[in-house]
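Visitor: after the sequence you'll find the predicted model.
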Amino acid sequence: MAELGPGRLMPWVPVAFGLGIAIYFSAEHEPSWIAATTALAGAAMVTALARRRPVAFPICLLVTAAAAGFAVVTGRTAWIAHPVLERPVFGAAITGFVERREERERTDRIVVRVRTFEGGRSPVKPERVRLSVKRGAAPMVGEFVSLKARLNPPPQATRPGGYDFARDLYFQGIGAVGFVTGAIRLAAPPETAGFHLGYTAVIDRLRDGIDDAIRAAVPGDAGAIASALITGKRDAISAAVNDAMYVSSLAHVLSISGYHMAVVAGVVFFVIRAILAVVPGLSSRRPIKKWSAAAALLAAVAYLAVSGAEVATQRAFVMTAIVLLGVVIDRAALTLRTLAVAALAVLLISPQAVVHPGFQMSFAATLALVAAYERGIPWVTHSGDTSVGARIALWGGRQIAMLIFASLIAGLATTPFAAFHFHRAAPYGVLANLLAMPIVSTWVMPAGLLALVAMPFGFDGPLWRVMAAGIDWMTAVALWVSSLPGAVGRVPAFGVGALLSATAGMTILCLLRSRLRWAGALPIAAGCVVAMTAPRPDVLISASGDIVAIRGADGRLSVARFENNAFTVQEWLAADADPRPANDTTLKEGFACDDAGCVSSLASGARVAVARTAEAWADDCKRAALVISTRVPPPLCATTAVIDRTMLQGSGALKLQRDGEGWRIEASRPRGTDRPWARTGDGREAPSAITPTRRPMRDATPRPEDLQAED
């Protein structure tokens, strides 16, 4: 009963709320918002009736929280409902306002809020489209443009169990992706852009001005990273440095999150409080701590605006704001209850964040650190009665120990999520963070803040260069750590069950206060075992059917590619813990190809054929255990397992494993799936298994190839 005491249930409420959201995303078809709200009302009534029962009430309360999460995300999806392009459109004529602009290494990207749309025979008019443009050719946010573009439906997951890009884009209001063809013409807007877009345009121009000032003072990767830390524009960082940051576990520095918000608020809080403390008599008569917290909150608001206010930054701001408000109202600044309130606030604003890796990793790290702070390392806040000299002598050792312990705890807490989403682990993450983060906290970020203050007066240049010197140290650490033996910890893909098991174990370990918390080690261990024993696919097929990977006798994937889509191949290799790049020539070695198609063999000797022409069918149907084609097979393939155009339509990417004489198949969009971002097209169901069966004659007209835009 100790775990049911006053205040003990609060941290579990956002867990149940998030579980309800996760259940929503696992549904095969879109739930009814009426059913969701009815279930919530029923659960709330039962909870009210059970309020005097010590055991039933907590259970009913958590069930109600789960029902609330389910209802909130169902209502959110119904509220933002918008059309999604179902098939490619070539030469679409679009006019609209530019809502967002991103600079990238090779191209730029814009999001256009569509006003008029002429897409040939397409019955769908997307409300927003995301378009790639030539680098440096992107118009400003808020401008009204007229252009032509080639559009595709939002990209699906590249493999079963992979991240669903279409779902992410749907909640951003984007119904199509593609690229601009020809010139972008600016035009006088036929209507006002609206207050929100006008505000966004002002902030975007402010960010551009800061970015230009930083790049002028500091060229190269140091300037790009400095701009990423201040403005959130991180796409100009070179690939080599970006990869090194990920391998060394320093990539979290590049994305403005809770750490950056905490540093900015902390620096402002410390400086303001120090200034007020030197005023005679003020600190003893006035609540300067609260004043400093209020000033830090205003600084956090300004940083949120300047940095672009992306979803991850919004989450960080909510958490920081709650901590600072706790200081203002004399409540403990950082507790499990504070974290619970922050999580609830984020999930109410953006319920879809629960399936995003940024949300999962940031709150997992914070939860583990707060739990360790409250129960695991009480010496952190113990000052003792030592003399001033002894305190100064002990300060360095204590802070170093705190940094090592915090890096270790945060690294362990985020490892399951990094392994699941990015298929990577960082063996030397603690070392890299120990060497780099003190410099970032005490040198890089304070210098950047001073540069921002000095910028209107024209004295920011030297401060940007001071900031760059600290960034150079961080970059050097990242490059050195990434070059160490075994620095790249590659993890093969595993199912969501292992991640849920590990998450449940960590939640139990962190939230329970009695000895029962050690029971959380069991699901963590079970999740690790399941992840390490996850089977790897024998065959992978892209959604278009134009990329096929076969696992050969050497245990590695061989790839036959008939379209220029390196992104899918790279995702497959990463999920297979394969270090080869997508352009590696050895990827083709397992296939024998000619103009008619390609042939490869599994480790068992079973032959897999990729038929590209009608002439290939005669030989492939006689010899192959599996034939893959974007065509429809002739009757002579009656005894051969076939993945054809009919099966590919609506199923998304496929994963197959040999099962005796047949095949077990898993689709990115399983049978019955019908969500706003994942329609099954013409209603055909994705297969769950295939065995040799007789097929009637069908139309053999080939399907036109999809023109894939840059992902």
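Guide: Nice, I can see it. Numbers count the residues shown, from 1 in each chain.

Visitor: what's the following helix or strand after the top strand by length along the chain?
Guide: Longest strand of the chain, by residue count under DSSP state E: strand 89-103. Downstream of strand 89-103, the first helix or strand assigned by DSSP states H and E is strand 107-118.

Visitor: pull out the buried residues from that following strand.
Guide: For strand 107-118, the neighbour count (16 or more other Cβ atoms under 10 Å) marks T107, D108, R109, I110, V111, V112, R113, V114, R115, F117 as buried. Yep, even glycine has a C-beta here, placed from its N, CA and C like the rest.

Visitor: which residues touch the second one?
Guide: Counting by Cβ atoms under 8 Å, 6 or more residues apart in numbering, D108 touches R101, E102, S132, V133, K134, R135, G136, A137, A138.

Visitor: and if we set it to 10 Å?
Guide: If you count contacts by Cβ atoms under 10 Å, 6 or more residues apart in numbering, D108 has them with 101-102, 131-139, 180, 235.

Visitor: where neighbours are concerned, which of those residues has the most?
Guide: L131 (26 neighbours; other Cβ atoms under 10 Å).

Visitor: that one - that's part of a helix, no?
Guide: No. L131 is assigned strand when assessed by DSSP: H, G, I helix; E, B strand; the rest coil, not a helix.

Visitor: going forward, begin numbering at 17 instead of 1
Guide: Fine by me, first position is 17 from now on; the one you just mentioned is L147.

Visitor: so it touches G198, yeah?
Guide: No. At 12.0 Å, L147 and G198 do not qualify as touching, with contact defined as Cβ atoms under 10 Å.

Visitor: so which residues of the stretch 317-466 of the chain form helices?
Guide: 327-344, 352-365, 373-387, 404-438, 445-455, 461-470 (DSSP state H, counting those that start in this stretch).

Visitor: rewinding a little: overlap of the contact sets of L147 and G198?
Guide: Shared contacts of L147 and G198 (Cβ under 10 Å, 6+ apart): L163, A165.

Visitor: coming back round to it: now the helices of the stretch 317-466 of the chain in JSON lines, with mean neighbour count, distance to A108 and mean pLDDT?
Guide: Shown next, in JSON lines, are the helices of the stretch 317-466 of the chain (neighbours: other Cβ atoms under 10 Å; distance: least, Cβ to Cβ, whole Å; pLDDT from 0 to 100):
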{"stretch": "helix 327-344", "mean neighbour count": "21", "distance to A108": "28", "mean pLDDT": "79"}
{"stretch": "helix 352-365", "mean neighbour count": "20", "distance to A108": "33", "mean pLDDT": "86"}
{"stretch": "helix 373-387", "mean neighbour count": "21", "distance to A108": "32", "mean pLDDT": "87"}
{"stretch": "helix 404-438", "mean neighbour count": "16", "distance to A108": "33", "mean pLDDT": "71"}
{"stretch": "helix 445-455", "mean neighbour count": "21", "distance to A108": "45", "mean pLDDT": "87"}
{"stretch": "helix 461-470", "mean neighbour count": "20", "distance to A108": "41", "mean pLDDT": "90"}
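
Visitor: those: which one's closest to A66?
Guide: helix 352-365 (21.7 Å; Cβ to Cβ).

Visitor: show me what that closest one is packed up against.
Guide: helix 28-41, helix 72-95, helix 327-344, helix 373-387, helix 512-527 (3 or more Cβ pairs under 10 Å, 6 or more residues apart in numbering; DSSP states H and E).

Visitor: swap in 7 Å and give it another go.
Guide: Contacts defined by 3 or more Cβ pairs under 7 Å, 6 or more residues apart in numbering; DSSP states H and E place helix 352-365 against helix 28-41, helix 327-344, helix 373-387.

Visitor: just to revisit the earlier point, could you dump the helices of the stretch 317-466 of the chain to CSV with distance to A550?
Guide: Converted to CSV, the helices of the stretch 317-466 of the chain look like this (distance: least, Cβ to Cβ, whole Å):
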stretch, distance to A550
helix 327-344, 28
helix 352-365, 29
helix 373-387, 18
helix 404-438, 11
helix 445-455, 23
helix 461-470, 40
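
Visitor: which one of these lies closest to T549?
Guide: Per Cβ to Cβ, nearest to T549 of the helices of the stretch 317-466 of the chain: helix 404-438, 14.1 Å.

Visitor: quickly find the element holding R674.
Guide: Per DSSP H and E: strand 670-675 holds R674.

Visitor: centre of the chain to that strand, how far?
Guide: 27 Å (Cα atoms, centre = their mean, to the nearest Å).

Visitor: send over it as CSV, restricted to the C-alpha atoms.
Guide: As requested, the backbone C-alpha atoms of strand 670-675 are provided in CSV (Å, rounded to 0.1, in the frame of the first residue of the first chain):
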residue,chain,number,x,y,z
LEU,A,670,7.3,-6.0,-47.4
LYS,A,671,9.5,-8.3,-45.3
LEU,A,672,9.6,-12.0,-46.0
GLN,A,673,11.0,-15.0,-44.2
ARG,A,674,11.3,-18.6,-45.5
ASP,A,675,8.8,-20.9,-43.8
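
Visitor: with distance to V446 added, can I get the helices and strands packed on helix 352-365 in TSV?
Guide: Supplementary listing: the helices and strands packed on helix 352-365 in TSV, determined by distance: least, Cβ to Cβ, whole Å:
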stretch	distance to V446
helix 28-41	28
helix 327-344	22
helix 373-387	13
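
Visitor: closest one to T174 among those helices?
Guide: Taking Cβ to Cβ, helix 373-387 is the member of the helices and strands packed on helix 352-365 nearest to T174, at 15.4 Å.

Visitor: what does the closest one rub up against?
Guide: Helix 373-387 is contacted from outside by 273-274, 328, 331, 350-352, 355, 359, 369, 422, 425-426, 429-430, 433-434, 437, 522, 526, using Cβ atoms under 7 Å, 6 or more residues apart in numbering.

Visitor: what residues of the strand holding R674 count as buried?
Guide: Of the residues in strand 670-675, L670, K671, L672, R674 count as buried by neighbour count, 16+ other Cβ under 10 Å.

Visitor: looking at the residues you listed, which is nearest R301?
Guide: Closest to R301, out of all of these and judged by Cβ to Cβ, is K671, at 69.1 Å.

Visitor: what's the separation between the closest one and T174?
Guide: 11 Å (Cβ to Cβ, to the nearest Å).

Visitor: again with K306
Guide: With Cβ to Cβ as the criterion, K306 and T174 are 51 Å apart.

Visitor: could you check which of the two has the larger neighbour count?
Guide: Taking other Cβ under 10 Å, K306 and T174 do not tie; T174 has more neighbours (26 against 15).

Visitor: checking my notes, the more buried one in a strand, right?
Guide: No. Looking at T174 with three-state DSSP, it is coil, so not inside a strand.

Visitor: wait, it sits on T584?
Guide: Yes. At 4.7 Å, T174 counts as touching T584 under the criterion of Cβ atoms under 7 Å.

Visitor: if we can go back for a sec, farthest-separated two in the buried residues of strand 123-134?
Guide: Taking Cβ to Cβ, no two of the buried residues of strand 123-134 sit farther apart than T123 and R131, at 23.9 Å.

Visitor: just to revisit the earlier point, and the longest strand of the chain, how far from the chain's centre?
Guide: Taking mean C-alpha positions (Cα atoms, centre = their mean), strand 105-119 and its chain are 24 Å apart.

Visitor: give me the average confidence score over that strand.
Guide: Strand 105-119 carries an average pLDDT of 90.

Visitor: so which elements touch that strand?
Guide: By 3+ Cβ pairs under 7 Å, 6+ apart, strand 105-119 packs against strand 123-134, strand 160-168, helix 211-233.
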